[in-house]
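Student: Got a sequence here, can you build the structure:
(chains A, B, C and D)
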Protein chains: 4
Amino acid sequence: MVCLCRLDSSWCELGHSLPAAENMMKRKLVIDVDPGVDDAQAIMVALATPNVEVLGITCCHGNTPVDNVCKNTLRILKVCNRLDIPVYRGCTEPLLGRKIHAGDFHGKDGLGDAPDPDAPGLELLQKEGAVTAMIRMISENPGEVHLVATAPLTNLAMAVKLDPAISEKLKGLYIMGGNTDSRGNTTVCGEFNFVADPEAAYIVLNRFFCPTYIATWEFSCRNNLPWSFCDPWLAQDTDKARFMKRIFSHTMQMVQTERFEKEMVAGVGFTSCDTYAMAAAIDDTFVTECEQVAVTVELEGRYTRGMMVLDPVEMLKKQHKVNIMKTVDLEKLKKMLMDSLK
Amino acid sequence: MVCLCRLDSSWCELGHSLPAAENMMKRKLVIDVDPGVDDAQAIMVALATPNVEVLGITCCHGNTPVDNVCKNTLRILKVCNRLDIPVYRGCTEPLLGRKIHAGDFHGKDGLGDAPDPDAPGLELLQKEGAVTAMIRMISENPGEVHLVATAPLTNLAMAVKLDPAISEKLKGLYIMGGNTDSRGNTTVCGEFNFVADPEAAYIVLNRFFCPTYIATWEFSCRNNLPWSFCDPWLAQDTDKARFMKRIFSHTMQMVQTERFEKEMVAGVGFTSCDTYAMAAAIDDTFVTECEQVAVTVELEGRYTRGMMVLDPVEMLKKQHKVNIMKTVDLEKLKKMLMDSLK
Amino acid sequence: MVCLCRLDSSWCELGHSLPAAENMMKRKLVIDVDPGVDDAQAIMVALATPNVEVLGITCCHGNTPVDNVCKNTLRILKVCNRLDIPVYRGCTEPLLGRKIHAGDFHGKDGLGDAPDPDAPGLELLQKEGAVTAMIRMISENPGEVHLVATAPLTNLAMAVKLDPAISEKLKGLYIMGGNTDSRGNTTVCGEFNFVADPEAAYIVLNRFFCPTYIATWEFSCRNNLPWSFCDPWLAQDTDKARFMKRIFSHTMQMVQTERFEKEMVAGVGFTSCDTYAMAAAIDDTFVTECEQVAVTVELEGRYTRGMMVLDPVEMLKKQHKVNIMKTVDLEKLKKMLMDSLK
Amino acid sequence: MVCLCRLDSSWCELGHSLPAAENMMKRKLVIDVDPGVDDAQAIMVALATPNVEVLGITCCHGNTPVDNVCKNTLRILKVCNRLDIPVYRGCTEPLLGRKIHAGDFHGKDGLGDAPDPDAPGLELLQKEGAVTAMIRMISENPGEVHLVATAPLTNLAMAVKLDPAISEKLKGLYIMGGNTDSRGNTTVCGEFNFVADPEAAYIVLNRFFCPTYIATWEFSCRNNLPWSFCDPWLAQDTDKARFMKRIFSHTMQMVQTERFEKEMVAGVGFTSCDTYAMAAAIDDTFVTECEQVAVTVELEGRYTRGMMVLDPVEMLKKQHKVNIMKTVDLEKLKKMLMDSLK
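Tutor: Got it, this is the predicted structure:
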């Protein structure tokens, strides 16, 4: 006990002089994304956090085709000067292959249609595929990996079916997706990430048994930031801030149309959905209230296919419960977002 | 104005001597029920309201088989000394014939298993069937009938399919059923009345175009009364109060089990679900806040069959909107309930 | 022949003096139709059969909107000089109200787009609705009515839900609809009449317990007549033949397109689907081979909604079996058709 | 060893004059199985065919849990003296994880409950998993592999989602599974292999674009052999025949119960379902008649989930057509089966 305490304090004192120890302290993240502007925000938050090590980023179809997703990811890493992080190309379509259109919410190219003539090329991608890389990274770091998933869950579903053991090896799983109150943003009752691959969401919610945190659509809406936050956030005099301002302007216009205002179940505001999942993975004190409940996904309904189903009455007799985020520390969120563009 | 006032006061003085005028001012109700203890509470509230005329009560399968429902309805009328109100036998099963079990929530006989040896017999039922009677009563009183539905919606669905014109002839439709947030009490996502006949609920929500008010399961939970209300309510020294106390004791025990406490989405309390719909039909000022929204019913899901679907984003392009009750005047509710046992 | 003639003439002579015997000998039919050219053929076969009494014709949406159906029925009766037969207007849409388009197979007006300027008007329709008329006709003739159904089954489903007792009062039920081998003509796996109202078909197959004969789509295809039959059939020098020739020419062109040739699961030919059901109702020796099997209808599939489901392995544990027609006496069919235009 | 080397070098020297030509002539098979007695029959047919090289056998859950499947496969290889063929362990459950019970048709252990005390142990399995092995074997032999699948299609679905390119690299795909006429053997409309993992069957039928041959349930029934064939077949004086006799006796009793006689859509007989797919892969002249048609799988029905859907009318507008076996050369089948136990 004493030893442990001393060790703790030496860590604090010694800081960067012990890189091995530092690494031991670092939170290891694997990030599965489909940038997407809010994916970009989430990634940039992770990269700006000192105690976080991003083992790799796996790319999934979603907001835009997977090749765009890969390119967008590399662009984000480039602006953050972190092209050392390995990027893996993943699934090109949902399990059943029934693609839905993302509606150009994030622009036709998924990143606000603000192209970069010097964007890095796809030759920078790893040769290894995203699914096997995900399994490998988790297996090489048993009990240590925080897996953050902000895309359709195809890559995760493939990984856990190929190697069910990864479920137990994860430190935690942090998902942006699903809904709690049957208020959809893509179909009548369905949220985009889950509707984009309902079978994958079903598999993930039924086969990952590690601690799981879910930032749903309704939660994100209810925890939005005032639009006024964006002015100083984007006005920072950095390349990152200028990059974000360029890729975000398309989305900012979209969300002010009548259609999107109706979607916002709790009034208009800045809702960086993916960032909630990332923040929860980075900082254990970010989430201040959760509902612990068994969940699954409806696969067969006409209006409800892809809807997340909560079972508070325990009719489904499922042992595993997930943590549905209810409230978070919005001041921490603001600080993370501000820091991410510094 | 003077004339009207005089007329009003003459009413009080003259009482039954002016039945025609009296009738013209009375709110005409047709009530479709499946007593059920909260149906009993709702019926008794209607019968105790001075300006209400109950044209007839149609019985539907639901909490208990339809013959029990008919018998229970006659028992309620008898204790209220109103066996003059015609009672009609309706559908014995849901449209598709796939019966679900009501789980004896209201007792095996649907009325708390507190039998009355002197219960009136089924020979008191009308010869006319419930569906044709419902059509006739509405058609004979165009623009005047408030239809209150607190059972599975089989009778209403049959009626509107047999004579679609009744939809436009109704003054208003008041339904207890459905849910708003995918929190079910009978299946994972489904409320009893809708799950008991999803196709009927679908037909009613898509073929009745009159002003429609819906008291959902979640709404009922969020607007419950403290259990302490029941003590003075049931302690009144009347036959009605003694009757209610006897039939209600079974349910009061049921709702205090762990399973039912989980169902209550907003904490424990006295939730007389059917009475909200009745109160809304009786008093236009009872409902204080509504959500106006298009709705339909999911028919095909594994977890969501029978779930009411709200469409605030207007993806379904439905013209007709219903009024989902959100808040009500609970003081009025208390008074109605107290008066109903006087 | 002489004997027969004498009998015939004695009938003519004796006329009303032997109505009881005459009536007792006649087969009583109630016909539910949506003409449709093959409905017309079926009706005309019934009207040309000496020992058949058509109690009434109930009209249902289907090949064309119900008002067209009513008009077409009256036109058929007029050309047969039988406007004395009561015609009833029935359901305007399927139970759930999700209409499908009949694809103008029988022409936009349902009868080959060969309008009759002197067509009888809808004022000739009975005031009574089709559903209540059907219940009444069956109830007034218990054990005697052969109910022939060649349209979507909406009217029959409504009738049996409104009065379940009619099921036992029927002599027999003869349906054109459904399929046996998952080969559809309207959807991938579904036949028109069943797909047009799957819930109605489900209710009818699960709530009519009388002897039931079904002429399915595949059966009709496998028992078609050579196209050469039509030449002498339509060349008869009668008003009826000229009428049939005019209304049938549109369909004859349609079925020779590539799309329809693919539909014909057993090669091209003249397939008067509805007439098989009618012939079975008229002549007990017409059907030469049946499969006795429990059946139901799939309601929830993406490709199979509306498909008839056979259960030869008895997994569904249904008591009631129907008779799926397999082979018929085609010579009798030819004679009936020939006689019908005489 | 020397001899082997010499042989190897002679190959190099002689080139096309013998062994290399032989290799070039050999048909390369990858076999995905879930033995199961008819899987055993199919494997033994392959092993007894001179011009066939089995690259590997991948095991899938199905008739029995995957560990039993692996053990059974090793037992079959042992009796054939071919434990040199690599065996890979594959998926333990269907994609969605909803297991169905195989009903002990092939015995509790999947191989007739006739245990072998000297059965080889699971340590003989390859370390590589079945899915990655399948991808590797196909990729190493582009254009050459005949993939024979006689189990639920989970392994194949995983492989094609992980590496879609394998679809084009296959020489041919031979599947036992599905049905053509909605006559199921496991559910009302569904065949075992497809019902055991409907999503996998859907993925395979929609994502493999190589020449595909399917031996369906109805086809197998219609092409059965007389039971009398089995007497001389099993009476051969070999270890293989004695092995087959022991593992087959359980099944032979099962299929003579009333339930299974009802399943046989074309009368009783010996139906070695999996062997048809194997025979088609081995001998291009085995299949004598096919229906070329687009197919898919119903995923959402109550009675039809897992049913194969044929689209002869081309409503689904699918480019890729498969070959549904209709007739085969039964004499060749008999010879293959006879030879397999020699």
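
Student: burial count for residue A:297?
Tutor: Residue A:297 sits with 29 neighbouring residues when counted by other C-beta atoms under 10 Å in any protein chain shown. All C-beta spots, glycine's among them, are computed from the backbone N, C-alpha and C.

Student: what is it paired to in the beta sheet?
Tutor: For residue A:297, the beta-bridge partners under DSSP bridges are residue A:308.

Student: could you pull out the helices for the stretch 51-200 of chain A?
Tutor: Defined through DSSP state H, counting those that start in this stretch, the helices belonging to the stretch 51-200 of chain A, from first to last, are A:66-79, A:130-140, A:154-162, A:166-169, A:192-196, A:198-207.

Student: can you put those in CSV and add distance to residue C:308?
Tutor: Rendered in CSV, the data for these read as follows (distance: least, C-beta to C-beta, whole Å):
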stretch, distance to residue C:308
helix A:66-79, 42
helix A:130-140, 42
helix A:154-162, 35
helix A:166-169, 43
helix A:192-196, 32
helix A:198-207, 29
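
Student: Save these as CSV, and put in distance to chain B, mean pLDDT and mean neighbour count too.
Tutor: CSV is the format used below for these (distance: least, C-beta to the nearest C-beta, whole Å; pLDDT from 0 to 100; neighbours: other C-beta atoms under 10 Å in any protein chain shown):
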stretch, distance to chain B, mean pLDDT, mean neighbour count
helix A:66-79, 26, 98, 24
helix A:130-140, 27, 98, 21
helix A:154-162, 18, 98, 28
helix A:166-169, 22, 97, 18
helix A:192-196, 12, 98, 27
helix A:198-207, 10, 98, 25
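
Student: would you list those helices in TSV and tack on distance to chain D?
Tutor: TSV is the format used below for those (distance: least, C-beta to the nearest C-beta, whole Å):
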stretch	distance to chain D
helix A:66-79	12
helix A:130-140	6
helix A:154-162	6
helix A:166-169	12
helix A:192-196	15
helix A:198-207	6
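
Student: List, one by one, the residues from chain A near chain D.
Tutor: Residues of chain A that fall close to chain D, judged by C-beta under 8 Å from any C-beta of the partner chain: A:91-92, A:95-97, A:129, A:131-132, A:158, A:161-164, A:199, A:202-203, A:206-207, A:299-300.

Student: so which of the helices of the stretch 51-200 of chain A gets nearest residue A:26?
Tutor: Nearest to residue A:26 among the helices of the stretch 51-200 of chain A is helix A:130-140 (14.0 Å), distances taken as C-beta to C-beta.

Student: can you give me the angle the closest one makes with helix A:154-162?
Tutor: 60 degrees (axes from the mean of the first three to the mean of the last three C-alpha atoms, to 10 degrees).

Student: If you count contacts, what does helix A:130-140 end up packed against?
Tutor: Helix A:130-140 makes packing contacts with strand A:27-33, strand A:52-59, strand A:87-89, strand A:145-149, helix A:154-162, helix A:166-169 when contacts are defined by 3 or more C-beta pairs under 8 Å, 6 or more residues apart in numbering or on different chains; DSSP states H and E.

Student: And the helices in the stretch 201-342 of chain A?
Tutor: With DSSP H, counting those that start in this stretch, the ranges of helices along the stretch 201-342 of chain A come out as A:217-222, A:230-234, A:239-254, A:258-263, A:273-282, A:330-340.

Student: what's the fourth one packed up against?
Tutor: I take that to be helix A:258-263. Helix A:258-263 is packed against no helix or strand, with contacts defined by 3+ C-beta pairs under 8 Å, 6+ apart.

Student: That helix: which residues count as buried?
Tutor: The neighbour-count criterion (16 or more other C-beta atoms under 10 Å in any protein chain shown) identifies A:260, A:263 as the buried residues of helix A:258-263.

Student: Just the mean pLDDT for it, thanks.
Tutor: Per-residue pLDDT values over helix A:258-263 give a mean of 83.

Student: what does the stretch 151-300 of chain A have sitting close to chain C?
Tutor: If contact is defined as C-beta under 8 Å from any C-beta, the residues of the stretch 151-300 of chain A in contact with chain C are residue A:300.
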